[in-house]
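Colleague: Task: produce atomic coordinates for the following.
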Amino acid sequence: MVEQLTILAPGLLGGSVAQAARARGLARRIVIWARRPETRQALAGQPWCDTAVDTLAAAGRGANLVVIASTVDSIIALARQIAPHLPPGAWVTDVGSVKGRIAREGQAAVPGGHFIGAHPMAGSEKTGWEHGNAALFERRTCFVTPLPGSDPAAVAGVTAFWRGLGSEVVTVDPDRHDEIVAHISHLPQAVASCLCSFLATKDPAWKNFAGGGLRDTTRIAASDPQLWRTILEENRGPVLQALREYQAELAAFESALSRGDWTEVTARMSRGKAYRDQFRT
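Modeller: Numbering: from 1, shown residues only. Purely as a prediction, here's the structure:
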């Protein structure tokens, strides 16, 4: 159990961390910092928040574990700002979906190798702490991305925390993480968004005829574009590589369809089905 868990800038993930930590008895005290006064006022009335503070100095005071739950473009700045206010030995982790730069600069910001990057593969197209829930991390992968200079005790503690929330932890190098999620998370978002952007140029009435296939395929296109802009900006290189590889796959499918090569068309669709059938339920 963590004596004091501090969560910075809670959105969907940060709110869910707080709720899960309270429900699972992982923290005696949960402190939350939010930039806006109205957010702090709303959070102060939640049963999973012991106090909502208005300064990072107050947020860091007494913290054993800090979870930075902001957008990826703000994580390093918050790590640098809270680091001087942390007690010796406090650990810092985050929920950012890009890890290379964040892991390296986070380690430089927090002394002693106590910044341990993390990325829970959980969430939805909805945003805001109001949509959080205590079961969000159950049976979901959480990447933990230590560096060679990371404190082993901090790695073990952060890993144990995410497991305590119900996650299945995978430890991986930060740059390898960015390559993985470029393909399995960031590429699907780009494809879903571009598909809807393309369909938006067609007859507006068509959207009223959408069945389950289009709805399932494009659910994440409803995600916040500004939030995803920061993610794609941070992980641009790996995402561009994934897009190029996907375009090659799509071009090969188009070529087979154009030639009437039904064996090739069927083979590619069968390979896709076999991959999808292996997803965990």
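Colleague: what about the strands in the stretch 101-250 of the chain?
Modeller: Remark: strands of the stretch 101-250 of the chain, listed N- to C-terminal, are 115-120, 141-145, 168-171; assignment by DSSP state E, counting those that start in this stretch.
Colleague: now these in TSV, with mean pLDDT, mean neighbour count and distance to Ala52?
Modeller: Every C-beta, even on glycine, is put in place using the N, C-alpha and C of the backbone. TSV is the format used below for the strands of the stretch 101-250 of the chain (pLDDT from 0 to 100; neighbours: other C-beta atoms under 10 Å; distance: least, C-beta to C-beta, whole Å):
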stretch	mean pLDDT	mean neighbour count	distance to Ala52
strand 115-120	98	28	22
strand 141-145	98	23	25
strand 168-171	98	15	29
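Colleague: Using a markdown table, lay out these together with distance to Thr39.
Modeller: A markdown table is the format used below for the strands of the stretch 101-250 of the chain (distance: least, C-beta to C-beta, whole Å):
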| stretch | distance to Thr39 |
| --- | --- |
| strand 115-120 | 21 |
| strand 141-145 | 25 |
| strand 168-171 | 30 |
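Colleague: Any idea which of the ones you listed gets closest to Glu264?
Modeller: Go through the strands of the stretch 101-250 of the chain one by one with C-beta to C-beta and the one that ends up closest to Glu264 is strand 141-145, at 33.2 Å.
Colleague: partners of that closest one in the sheet?
Modeller: Strand pairing for strand 141-145, using DSSP bridges, gives strand 115-120 (antiparallel), strand 168-171 (parallel).
Colleague: outside of the last one, which residues touch it?
Modeller: The list of residues contacting strand 168-171 from outside it, by C-beta atoms under 8 Å, 6 or more residues apart in numbering, reads 139-146, 155, 159, 162-163.
Colleague: wait, Asp50 sits on Arg22?
Modeller: No - between Asp50 and Arg22 no contact is recorded; they are 9.1 Å apart, counting by C-beta atoms under 8 Å.
Colleague: Mind listing the shared neighbours of the two?
Modeller: Counting by C-beta under 8 Å, 6+ apart, the contacts common to Asp50 and Arg22 are Ile30.
Colleague: Dump the strands paired with strand 141-145 to TSV, plus distance to Ser223.
Modeller: Supplementary listing: those in TSV, determined by distance: least, C-beta to C-beta, whole Å:
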stretch	distance to Ser223
strand 115-120	16
strand 168-171	23
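Colleague: Val181: how many residues sit nearby?
Modeller: The tally of other residues near Val181 (other C-beta atoms under 10 Å) stands at 22.
Colleague: tell me the SS of the residue lying closest to Glu249 once chain neighbours are set aside?
Modeller: Spatial nearest neighbour of Glu249, excluding adjacent residues (C-beta to C-beta, 6 or more residues apart in numbering): Arg268 at 7.8 Å. When the structure is split into helix, strand and coil by DSSP: H, G, I helix; E, B strand; the rest coil, Arg268 lands in helix.
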